[in-house]
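[1] predicted model, plus sequence, below.
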Amino acid sequence: MALTLRPRPRPERLDDEQELKAAYSRYAGELFGLARRTLDDAGLAEEAVQETFLRAWRAADRFDPAVGSLRTWLFAICRNILVDMTRARAVRPRVVDRDVPETPDPFDDLEQVLTTAGIEAALQQLSERHRVVLVEVHLNGRPIPEVAADLGVPPGTIYSRLYYGLKALGVALEEAGWLDGR
């Protein structure tokens with residue numbers, strides 16, 4: 001039996017123009033969605049995505065695929081840019097033209113529905129104890145002592161169930177492809 005060696009796939013890099021274009025095609029939409037939701041301004045969101053890829057291209061030699069995926073690295077860069085832009089906007093008031101109504105993005109509702117369905121499916125994979133505590137505390141916004149009293153358990157038990165429930169929810173979301181696991 002002969003052993004054939006297959007070439008290992010080359011990790012994603014941003015060393016040249018072709019790879020930068022490919023990364024842009026793959027991730028710009030997701031980055032724009034994040035920036036749009038965060039900044040609530042399509043123009044600034046586009047600027048954030050452009051700045052993300054510019055910084056990534058300039059720092060391509062610092063990307064290490066052994067540490068994390070290109071997607072994760074780009075989202076970290078974008079997050080830093082969004083923090084900077086949000087701070088800058090807090091210092092300068094936003095100019096608003098009241099005559100031009102903002103048109104809603106039809107994909108926002110679809111994304112919301114898909115996200116909600118994904119989280120609901122992941123919640124169904126949890127034990128009832130963990131699911132009840134997560135829903136009551138995080139979704140319904142109830143205080144932990146109140147939930148503990150209703151369930152007849154000490155508050156420490158609620159904290160424990162929250163911790164392990166969130167871990168299990170993260171695993172379920174990762175397995176469903178909603179999270180980028182590391």
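    Nice, thanks for sending it over. Being a predicted model, the structure only gives us computed values, none of them experimental.
[2] quick one, helices of this structure?
    17-39, 42-58, 70-91, 106-124, 128-134, 144-151, 155-175 (DSSP state H).
[3] mean pLDDT for those - can I get that in a markdown table?
    Formatted as a markdown table, the helices of the chain follow (pLDDT from 0 to 100):
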| stretch | mean pLDDT |
| --- | --- |
| helix 17-39 | 89 |
| helix 42-58 | 93 |
| helix 70-91 | 89 |
| helix 106-124 | 74 |
| helix 128-134 | 92 |
| helix 144-151 | 94 |
| helix 155-175 | 90 |
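[4] next, format the ones you listed as JSON lines and append mean neighbour count.
    Heads up, the C-betas are built off the backbone N, CA and C, glycines and all. Output for the helices of the chain, formatted as JSON lines (neighbours: other CB atoms under 10 Å):
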{"stretch": "helix 17-39", "mean neighbour count": "16"}
{"stretch": "helix 42-58", "mean neighbour count": "17"}
{"stretch": "helix 70-91", "mean neighbour count": "16"}
{"stretch": "helix 106-124", "mean neighbour count": "12"}
{"stretch": "helix 128-134", "mean neighbour count": "18"}
{"stretch": "helix 144-151", "mean neighbour count": "15"}
{"stretch": "helix 155-175", "mean neighbour count": "16"}
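[5] the ones you listed: which one's closest to Asp64?
    Closest approach to Asp64 among the helices of the chain is made by helix 70-91 (8.5 Å; CB to CB).
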